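1. From the sequence below, what's the structure:
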Amino acid sequence: MGELTDKIKGNVNEAIGKVKQHSDDPETHDEGTNQEAKGKAEQLKGKVKGMLGDDI
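-> Numbers count the residues shown, from 1 in each chain. Next up is the predicted model:
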């Protein structure tokens, strides 16, 4: 996947995670926290690809 794709996936996962964190269900809240973290990692991956090139 390319830099832009990783950044977009990261933004989507982070947004969905934030929404899930507003749930009253503790399991859904925890799932949202994990999904937000995954989104941040995907965004970072996209930034690194941007700096190093998509060939990594």
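2. residues contacting K47?
-> 3, 7 (CB atoms under 8 Å, 6 or more residues apart in numbering). For the C-beta atoms, the positions are set from N, CA and C on the backbone; glycine is no exception.
3. Which strand or helix spans it?
-> Per DSSP states H and E, K47 falls inside helix 26-52.
4. in the protein, what residue sits furthest out from the centroid?
-> Most distant residue from the mean C-alpha position of the chain: D24, 22.0 Å away (CA atoms, centre = their mean).
5. if I look at that one, how far off is G32?
-> 12 Å (CB to CB, to the nearest Å).
6. remind me which residues of the protein are low pLDDT?
-> Along the chain, segments meeting pLDDT under 70 span 1, 54-56.
7. circling back to that earlier point, over to the residue farthest from the centre of the chain. Which of the three states is it?
-> Under DSSP: H, G, I helix; E, B strand; the rest coil, the three-state class of D24 is coil.
8. Just want the phi and psi numbers for it.
-> Dihedral angles of D24 (phi, psi; degrees, to the nearest 10) stand at phi -80, psi -20.
9. So which bits of the helix holding K47 are buried?
-> 31-32, 35-36, 38-39, 42-43, 45-46, 49 (16 or more other CB atoms under 10 Å).
10. and what of stretch 5-25?
-> Buried residues in stretch 5-25, counted by 16+ other CB under 10 Å: 6-7, 9-10, 13-14, 16-17, 20.
11. now what about that stretch, what contacts it?
-> Outside stretch 5-25, the residues touching it (CB under 8 Å, 6+ apart) are 1, 28-29, 31-47, 49.
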